[in-house]
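Asks: how would this look folded up:
(one chain, ligands or ions: 1)
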Amino acid sequence: MTKPLIVITGASSGIGAATARLFSDRGHPLLLLARRLERLEALGLPDTLCRRVDVTDFDAVTAAVREAEAVHGPADAIVNNAGLMLLGQIVDQPVEEWGPMIDLNIKGVLYGIRAVLPGMLARGAGTIINVSSVAGRKTFPNHAAYVGTKFAVHAMSENLLEEVAGAGVRVVTIAPGAVETELLSHTSSERIKADYQEWKEAAGGALDAAVVAGAIAHAYGQPPQVTIREIVLAATGQQG
Ligand code: NDP
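Replies: So this is what the prediction gives:
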């Protein structure tokens with residue numbers, strides 16, 4: 001039997017790439033979105049449409065979803081995974097670093113949801129998986145603006161669940177602790193990056209992205225009448 005289409009944002013590295021590999025192994029056609037098209041294509045996955053899309057552009061997200069649905073049928077799930085973490089303190093973090101995080105981590109998630117939700121509601125089926133963070137449940141040093149965006153992801157997911165639960169659409173929040181990916185590399189403060197690395201090493205290392213992909217696939221793989229609303233997972237040694 002043919003498996004349905006799954007859309008994954010931010011699939012060019014880290015958790016998104018690992019999730020793409022896993023769903024592809026399980027036979028799903030995919031739509032993969034990110035700005036680095038060559039990295040999406042390098043995954044070399046079958047039945048996969050790769051599109052260079054900035055997820056902060058609603059029209060581009062929607063157009064790519066419509067294009068993939070015309071080929072592979074309706075999107076049965078979206079993994080709103082694309083995200084940016086620029087660490088700093090409110091007192092001295094460059095203010096220009098806040099806008100891109102808010103645009104991607106909050107608006108990008110809303111755009112991904114909106115691109116697939118009307119179709120899911122019409123069909124009475126579908127799964128929206130939003131990648132938040134443990135930093136969407138509690139605060140961490142130097143994380144003020146980032147935790148703001150991730151608390152927003154938790155809040156939007158919960159509210160969305162209230163909106164759509166009666167219509168057969170599932171909403172899942174994935175909240176990982178530290179994962180070994182490119183995420184930290186974009187932070188501009190070398191001191192904060194070094195402190196974060198030290199914190200990670202003291203915890204015995206971070207999660208492998210494949211583990212988070214496994215959690216996402218586990219939630220998706222439940223029977224349609226079951227919603228795993230949230231999965232919180234972290235390396236055993238991670239404190240906080
Ligand atoms: P990576 O930096 O490895 O991946 C981020 C992905 O987002 C990349 O594929 C990147 O692709 C994409 N992306 C960034 N900006 C845009 C944009 N404007 N439009 C489209 N895609 C974009 O980090 P992770 O895999 O760690 O991050 C994935 C998610 O997991 C994020 O939401 C993050 O907040 C969350 N998370 C990560 C944790 C960690 O410790 N790593 C812990 C908890 C949550 P490209 O640059 O090609 O556009």
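
Asks: buried residues, the longest strand seen in the chain. List them.
Replies: Using DSSP state E, we find that the single longest strand of the chain is strand 169-176. Using 16 or more other CB atoms under 10 Å as the test for burial, strand 169-176 gives 169-176. (C-beta placed from N, C-alpha, C; glycine too.)

Asks: please name the residues that touch the spatially most central residue of the chain.
Replies: Residue closest to the mean C-alpha point of the chain, counted by CA atoms, centre = their mean, is residue 81 at 1.4 Å. By CB atoms under 8 Å, 6 or more residues apart in numbering, residue 81 lies in contact with 8-11, 15-16, 19, 131.

Asks: just those that are near the ligand?
Replies: Contacts with the ligand within the contacts of residue 81, counted by CB under 6 Å from any ligand atom: 9-11, 15-16, 131.

Asks: in strands only, show me the contacts of residue 81.
Replies: 8-9, 131.

Asks: just put those residues in CSV and tack on neighbour count and pLDDT.
Replies: Output for those, formatted as CSV (neighbours: other CB atoms under 10 Å; pLDDT from 0 to 100):
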residue, neighbour count, pLDDT
8, 33, 99
9, 27, 99
131, 29, 99
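
Asks: out of those, which comes closest to residue 42?
Replies: residue 8 (15.0 Å; CB to CB).

Asks: sorry, back to before: partner strands of the longest strand of the chain, parallel or antiparallel?
Replies: Strand 169-176 pairs in its sheet with strand 126-131 (parallel), strand 230-233 (parallel), by DSSP bridges.

Asks: wait, does that strand contact the ligand?
Replies: Yes. Strand 169-176 comes into contact with the ligand (CB under 6 Å from any ligand atom), by way of residue 176.

Asks: go on, stretch 114-123?
Replies: No. Using CB under 6 Å from any ligand atom, we find that stretch 114-123 stays clear of the ligand, coming within 13.0 Å at best.

Asks: export stretch 206-224 as PDB, just CAs?
Replies: Taking Å, rounded to 0.1, in the frame of the first residue of the first chain, the C-alpha atoms of stretch 206-224 are listed here in PDB:
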ATOM      1  CA  ALA A 206      23.900  15.300  23.800                       C
ATOM      2  CA  LEU A 207      21.300  13.200  22.100                       C
ATOM      3  CA  ASP A 208      21.900  11.800  18.600                       C
ATOM      4  CA  ALA A 209      19.500  13.400  16.100                       C
ATOM      5  CA  ALA A 210      18.300   9.900  15.100                       C
ATOM      6  CA  VAL A 211      16.900   9.400  18.600                       C
ATOM      7  CA  VAL A 212      14.700  12.500  18.200                       C
ATOM      8  CA  ALA A 213      13.700  11.300  14.700                       C
ATOM      9  CA  GLY A 214      12.700   8.000  16.300                       C
ATOM     10  CA  ALA A 215      10.500   9.800  18.900                       C
ATOM     11  CA  ILE A 216       8.800  11.800  16.100                       C
ATOM     12  CA  ALA A 217       8.100   8.600  14.100                       C
ATOM     13  CA  HIS A 218       6.800   6.800  17.200                       C
ATOM     14  CA  ALA A 219       4.300   9.600  17.800                       C
ATOM     15  CA  TYR A 220       3.200   9.600  14.200                       C
ATOM     16  CA  GLY A 221       3.000   5.800  14.100                       C
ATOM     17  CA  GLN A 222       0.200   5.600  16.700                       C
ATOM     18  CA  PRO A 223      -3.300   4.500  15.600                       C
ATOM     19  CA  PRO A 224      -5.300   7.600  14.300                       C
END
